[in-house]
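> compute the structure for the input listed below.
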Amino acid sequence: MKISNRLRKRATWAAVTVGAVAVAGAVAGPGLATPASAAPGAPSTQAQAIVTLHLGLTAMPQGQFALGTDGVGLNAYGLTPGSRHEVAVSLPGTVVPVGTLTANPTGSVSWSAALSAVSGVLAKHGVRIDESGSTSATVALVILNAGQGTPVIAQTPAIPGFGRYPVLAVEPGQGVIKPGSATIVYNPGAKTISVTVNASGFTPGAHAAHIHAGSCQQQGAVVHMLKDFTANSRGVISNETRTVTGVTAVKLSGGWYLNLHQGNSDNILSNGQPTIYFRPLQCANI
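Numbers count the residues shown, from 1 in each chain. So this is what the prediction gives:
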């Protein structure tokens, strides 16, 4: 990301500590140190350049399924930290679970199962995998929102047989989520950060959003809370801006990320812990 040369010359960066995910009461770690005050009577040398970052928002979760002779595997990130989900095979007219995954405290997961977990399900529904790895019917691997009977939140494209396939994020009722965009403006003179979002594929209504420490791949603590963004009746967030005031330290060259959640500020936490609605729908590393 391109950042003002003046800001680079007059600022020093320190790492933000990535802690457990927490919304209430979270504060920023050390960030951009402001320059020391000028000598009495001398002109101020504090950088006042406004920094503008243009970011691509990526649909969450992201990852890859692999299906082969040694079994089925999944590596993914962008789930609700600590959440449990059924992995299933999607067949025409039905979705059949083949295993359960649990995301780690940063929302990532590495999961695997024997090939028989998939081939057995397929066989019961008249679909077979031949010696070359081809299936007799096109199927897909999916991640459910929680247990059996809950909506699909991620899926592969149609799988014709053995291979590696991307995880495509899905919002129930909206379909596969397309990439979005965000513009972040830091004004050191006004001590503000403004975030403008353009995105689609959201459930209509309010969606919580935050700037966190960490990354989309390794979710961390909230640094700045933003007022909920609102998707219209078509699931579109159109050029909405939220501004944080009183910002005295920033980390705009790695170490922070922006995400928009599936739920709103009232339902993403329960007793201080993330609920299933905490799941990021869109995310961008800053």
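
> nearest spatial neighbour of residue 117, skipping sequence neighbours?
Excluding its sequence neighbours, the residue lying closest to residue 117 (C-beta to C-beta, 6 or more residues apart in numbering) is residue 98, at 4.4 Å. Placement of C-beta: from N, CA and C, glycine included.

> what about that neighbour, how many residues nearby?
20 (other C-beta atoms under 10 Å).

> and the next helix or strand past the helix or strand harbouring it?
Taking DSSP states H and E as the definition, residue 98 sits inside strand 94-102. Heading C-terminal from strand 94-102, the first helix or strand you meet, by DSSP H and E, is strand 109-113.

> okay, the angle between the helix or strand just after that next one and strand 94-102?
Downstream of strand 109-113, the first helix or strand assigned by DSSP H and E is helix 115-124. Between helix 115-124 and strand 94-102, the angle comes out at 160 degrees (axes from the mean of the first three to the mean of the last three C-alpha atoms, to 10 degrees).

> was I right to think residue 251 contacts residue 286?
Yes. Counting by C-beta atoms under 8 Å, residue 286 is a contact partner of residue 251 at 7.3 Å.

> as PDB, could you dump the C-alpha coordinates of the strand holding residue 98?
Only the C-alpha atoms of strand 94-102 are listed here, as PDB (Å, rounded to 0.1, in the frame of the first residue of the first chain):
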ATOM      1  CA  THR A  94     -29.800 -33.000  -0.300                       C
ATOM      2  CA  VAL A  95     -26.800 -32.100   1.900                       C
ATOM      3  CA  VAL A  96     -25.200 -34.900   3.800                       C
ATOM      4  CA  PRO A  97     -22.700 -34.200   6.700                       C
ATOM      5  CA  VAL A  98     -19.300 -36.100   6.500                       C
ATOM      6  CA  GLY A  99     -17.600 -34.500   9.500                       C
ATOM      7  CA  THR A 100     -17.300 -31.700  12.000                       C
ATOM      8  CA  LEU A 101     -14.700 -28.900  12.200                       C
ATOM      9  CA  THR A 102     -13.800 -26.500  14.900                       C
END
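
> what about the strands in the stretch 1-150 of the chain?
51-59, 62-68, 71-77, 84-91, 94-102, 109-113, 134-144 (DSSP state E, counting those that start in this stretch).

> worst average pLDDT in these?
Mean pLDDT is lowest for strand 134-144 among the strands of the stretch 1-150 of the chain, at a mean of 90.

> mind listing what's buried along that strand?
135, 139-144 (16 or more other C-beta atoms under 10 Å).

> got a markdown table for these, with distance to residue 64 too?
Putting the buried residues of strand 134-144 into a markdown table (distance: C-beta to C-beta, whole Å) gives the following:
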| residue | distance to residue 64 |
| --- | --- |
| 135 | 18 |
| 139 | 17 |
| 140 | 14 |
| 141 | 10 |
| 142 | 14 |
| 143 | 12 |
| 144 | 18 |
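
> residue 282: which of those is nearest?
Nearest to residue 282, judged by C-beta to C-beta, of the buried residues of strand 134-144 is residue 143 at 17.1 Å.
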